[in-house]
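In: Coordinates for the following, if possible.
(2 chains)
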Amino acid sequence: MNASTAVEPARPSAAVRAGRFITRNVLYVYTAFAILYLMLPVAVMGLFSVNDPPGKSNVAWHGFSLEAWLNPFGVPGLLQVVETSVAVAFLSTLVATALGTLIALALVRYDFRGSAATNTLIFLPMATPELVLGASLLTLFVAIGQPPFFPTNFLTILIAHIMFNISYVVVTVRARLYGFDRHLEEAAMDLGANELTTFRKVTFPIILPGIMAAALLAFSLSIDDYVITSFTAGRTSTFPIFIWGSARIGVPVQVNVIGTAFFLIAVGFVAVTTLLQGRASRPPRPARRAGAETAAAADRALAPATEA
Amino acid sequence: MGARRWIVRLTPYLLLAPGMLWLLVFYVYPSFQMFISSFWSGTLETGFTFSLDNWTTYTDALSRYEPQFLRSLVYGGAATIVCFLIAYPLAYTIAFRGGRYKNLLLFLVIAPFFTSFLLRTQSWKIILGDDGILFGPLKDLGFLPPEFRVLATPAAVVAGIAYNFLPFMTLPIYVSLEKIDVRLVEAAKDLYAGPWRPGGTLAGGALGAIVGAVLAGALTYPILPLALGGALLGVVVGTFFVSESFLRVVLPLSLPGVFAGSLLTFIPAMGDFVNAELLGGSPQTRMIGNVIQSRFLDNNDYPTAAALSFILMAAILAMVAIYARLLGTRELTSAR
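Out: Numbering: from 1, shown residues only, chains lettered A, B, ... in the order given. Purely as a prediction, here's the structure:
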């Protein structure tokens, strides 16, 4: 600001205005490019799901065809691996969400000896590379050396997925519990409800969106996991393992179809719940600062979808 | 009454028990088992025997796979720097200029993660292919020499890692930026904080040159052109985009997010082997993760693989511990 602006209000020089215009818009352009960059592989995946390659290799564009979409399981074994993946994701989500929610309740609601150690133990699996998680589990199963743990199989995949999902569920549900108004429970108790009824009628419905967000996150982590699964799968194959196996000889178009379908279902799910929740009444929400870890952050991004 | 007090006391432990038991049995114990397994000798057929004399597995593994360890460190570090350069302006824009589109933009940052990690990486392989949809036409038009390639180079691996772990960097930075009270920035401006010149020009140029040189050196590319390019970019950014209020208010307050994001990016980046396999695929881009995976799954060489994983885990836990000591874990897991 120079002296003239004090006399004539708000008339910065042309250079300053041009500078401001650039500063302001470069950030938007940069962000647009960053989002494009993030989305580009997804778009390419979708594009190559309607490709018409002559051979197995699906890396060059050959022409439009809906053949793979009309026959998405036309590759031997593909249906089975997708079923296995969905089954693992569903079961591990169910168990991990239950166990993780209980831990989150204990951590937020109670002061107890050992809560700091518990927090550390929750945090560590998220800070350990997936490679190490899978590798250490494999050494455990090899050391046991007999069924049902070795050779590794469906059960060992499930064990691994529940293990890595628990921490993410705890972090997501905990973020929701922090914003919880305890007076609501006290009111229920004052009105004669016992602890169980209070939990069923007041606590649970309020934290349900957080639990749903956690379950959604757990499901998507599980269905996409390759690294840990590769160590604990043995002869069992999941969808990511199928992709890895076919990456060397050429990924079939059908794999892109299923990947695109998963993406559209997930995005559609979020969009629909956002619209539904948008119509519902919005109670005032306490200012909540979600956590920094992916889980909490994912919860935050999914917030419009899952929170009232 | 006494019994009731006991129940109340025990409740948290009862709630914790099933989940914590799962983590103890399938997370904590396997880590010890991995350590024990690294002292094994034998094969899957003959069975394994434990002996402390097998500590030589560690020295053998370290000397044999030293290049891959170093490469993981370098690629992980380079990918973290690239992630930061992309993520900070992105997070800044969403936090301060996002307006009513904040949630939508955040969703767009996460949306790619609704598709398979492997399929996204496979898509990059299609995009960056030697005669693929990007370079094919450019080569046909003569903009690039026919032998030009990105796949199977260190740059491809680092770019792939940076892409895959970008949200781990963006979200923590966003969270720490969003917490900043804008009135602080206004106060700084009231106190005559303006553009940062010529300090920004100089600092930006120097920092850009250093980052360019480090990235080039780490990935074995010619240092001078990248350092010059970095310097030029740094000068522009430092001169036009870094104000004093940003330097003195916003940046320091966002540092916890930057540190958390760096750690959350660096850890999985260092252990990654998917990008090195799909986008690299040459012996010159093999990382320690590739070695561990093939030792475990292809060679059934459990002792060596366990020793390598244990070294990797110990190195990473040490870094996390130092970080937690200095800054606490709140920013990493959850905070209010």
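In: State the number of residues packed around A:Pro148.
Out: The tally of other residues near A:Pro148 (other Cβ atoms under 10 Å in any protein chain shown) stands at 13. C-betas here are computed from N, CA, C, even on glycine.
In: how far away is it from A:Ile157?
Out: Distance, A:Pro148 to A:Ile157, by Cβ to Cβ, to the nearest Å: 12 Å.
In: now A:Leu121
Out: Separation of A:Leu121 from A:Ile157 (Cβ to Cβ): 23 Å.
In: Tell me which of those two has more neighbours.
Out: Ranked by neighbour count (other Cβ under 10 Å), A:Leu121 and A:Ile157 place A:Ile157 first, with 29 against 21.
In: Do I have it right that A:Ala60 meets B:Gly132?
Out: Yes: using Cβ atoms under 8 Å, A:Ala60 is in contact with B:Gly132, at 7.1 Å.
In: pLDDT weak spots in the stretch 151-300 of chain A?
Out: The stretch 151-300 of chain A contains residues with pLDDT under 70 at A:278-300.
In: Which parts of it are helices?
Out: Counting by DSSP state H, counting those that start in this stretch, the stretch 151-300 of chain A has helices at residues A:154-178, A:182-190, A:195-198, A:204-224, A:227-232, A:239-247, A:253-279, A:294-301.
In: now the helices for the stretch 51-200 of chain B?
Out: Applying DSSP H, counting those that start in this stretch to the stretch 51-200 of chain B gives helices spanning B:56-64, B:66-97, B:102-110, B:117-128, B:135-140, B:154-164, B:166-178, B:182-190, B:199-218.
In: of all those, which has the lowest average per-residue confidence?
Out: Lowest mean pLDDT within these: helix B:135-140, at a mean of 82.
In: quick check, whichever helix in chain A runs longest touching chain B?
Out: In chain A, with assignment by DSSP state H, the single longest helix is helix A:14-47. Yes: judged by Cβ under 8 Å from any Cβ of the partner chain, helix A:14-47 comes into contact with chain B at A:19, A:22-23, A:26-28, A:30-31, A:34-35, A:37-42, A:44-45.
In: are any of the residues you listed buried, and which?
Out: Buried members of the residues of helix A:14-47 next to chain B, counted by 16 or more other Cβ atoms under 10 Å in any protein chain shown: A:19, A:26-27, A:30-31, A:34-35, A:38, A:40-42, A:44-45.
In: Looking at the stretch 101-250 of chain A, which residue is nearest chain B?
Out: Here the residue of the stretch 101-250 of chain A nearest chain B is A:Pro129; by Cβ to the nearest Cβ that distance is 2.7 Å.
In: where's that residue relative to B:Ile288, distance?
Out: 10 Å.
In: just B:Phe35 next, same as before
Out: To B:Ile288, B:Phe35 is 17 Å away according to Cβ to Cβ.
In: Between the two, which has more neighbouring residues?
Out: More crowded of B:Phe35 and B:Ile288, by other Cβ under 10 Å: B:Ile288, with 30 against 17.
In: So for that one, what's the pLDDT?
Out: Note for B:Ile288: predicted pLDDT of 93.
In: what sits against it?
Out: Neighbour list for B:Ile288: B:65, B:68-69, B:71-72, B:270-271, B:308, B:312 [criterion: Cβ atoms under 8 Å, 6 or more residues apart in numbering or on different chains].
In: repeat that with 10 Å
Out: By Cβ atoms under 10 Å, 6 or more residues apart in numbering or on different chains, the contact set of B:Ile288 is A:131, B:61, B:65-73, B:75-76, B:270-273, B:276, B:308-309, B:311-312, B:315.
In: swap in B:Pro145?
Out: For B:Pro145, the contact set (Cβ under 10 Å, 6+ apart) comprises B:Lys139.
In: Repeat that for B:Thr59.
Out: Going by Cβ under 10 Å, 6+ apart, B:Thr59 touches B:Ala307.
In: Which residue is the nearest non-sequential neighbour of the residue in the stretch 151-300 of chain B that chain A sits nearest to?
Out: The nearest approach of the stretch 151-300 of chain B to chain A comes at B:Gly271, 2.7 Å away (Cβ to the nearest Cβ). Closest residue to B:Gly271 in three dimensions, ignoring its sequence neighbours and counting by Cβ to Cβ, 6 or more residues apart in numbering or on different chains: A:Pro129, at 2.7 Å.
In: Check the one you found and give its pLDDT.
Out: pLDDT, A:Pro129: 90.
In: Kindly report the same for the one 4 residues further on.
Out: A:Leu133 carries a pLDDT score of 94 in this model.
In: next one: the one 4 residues further on
Out: In the prediction, the pLDDT value recorded for A:Leu137 is 94.
In: What is the neighbour count of the residue nearest to A:Val44 when sequence neighbours are not counted?
Out: Nearest in space to A:Val44, with sequence neighbours left out and distances taken as Cβ to Cβ, 6+ apart, is B:Ser123 at 4.2 Å. Counted with other Cβ under 10 Å, residues neighbouring B:Ser123 total 27.
In: Nearest to B:Ala17, out of the helices of the stretch 51-200 of chain B?
Out: The closest of the helices of the stretch 51-200 of chain B to B:Ala17 is helix B:166-178. By Cβ to Cβ, the value is 31.1 Å.
In: Contacts (any at all) between chain A and the closest one?
Out: Yes: judged by Cβ under 10 Å from any Cβ of the partner chain, helix B:166-178 and chain A are in contact via B:166-168, B:170-176, B:178.
In: which among the residues you listed gets closest to B:Ile322?
Out: Closest approach to B:Ile322 among the residues of helix B:166-178 next to chain A (Cβ to Cβ): B:Pro172, at 17.7 Å.
In: residue contacts, A:Ala34?
Out: By Cβ under 10 Å, 6+ apart, the residues touching A:Ala34 are B:86-87, B:89-91, B:93-94, B:105, B:108-109, B:166, B:170.
In: do the same with B:Trp40
Out: Contacts of B:Trp40 by Cβ under 10 Å, 6+ apart are A:139, A:142-143, B:47-51, B:54, B:57, B:302-304, B:306-307.
In: Next step: the residues you listed restricted to helices.
Out: A:139, A:142-143, B:57, B:302-304, B:306-307.
In: residue nearest the centroid of chain A?
Out: Nearest residue to the geometric centre of chain A (Cα atoms, centre = their mean): A:Leu217, 3.4 Å.
In: any idea how far that residue is from B:Thr239?
Out: Counting by Cβ to Cβ, the gap from A:Leu217 to B:Thr239 is 42 Å.
In: What helix or strand is the nearest residue to A:Ala127 once chain neighbours are set aside located in?
Out: Sequence neighbours aside, B:Val320 is the residue nearest to A:Ala127 in space, at 5.0 Å (criterion: Cβ to Cβ, 6+ apart). Element membership for B:Val320, per DSSP states H and E: helix B:302-327.
In: Figure out how far that helix is from the centre of its chain.
Out: 15 Å (Cα atoms, centre = their mean, to the nearest Å).
In: Tell me what angle that helix forms with helix B:56-64.
Out: Interaxial angle, helix B:302-327 versus helix B:56-64 (axes from the mean of the first three to the mean of the last three Cα atoms, to 10 degrees): 80 degrees.
In: Going by neighbour count, list what's buried in helix B:302-327.
Out: Neighbour-count burial for helix B:302-327, counted by 16+ other Cβ under 10 Å, picks out B:302-313, B:315-317, B:320, B:323-324.
In: and what of stretch B:217-236?
Out: B:218-219, B:226-227, B:230-231, B:233-235.
In: what's the closest of the residues you listed to B:Phe26?
Out: Closest to B:Phe26, out of all of these and judged by Cβ to Cβ, is B:Ala218, at 36.3 Å.
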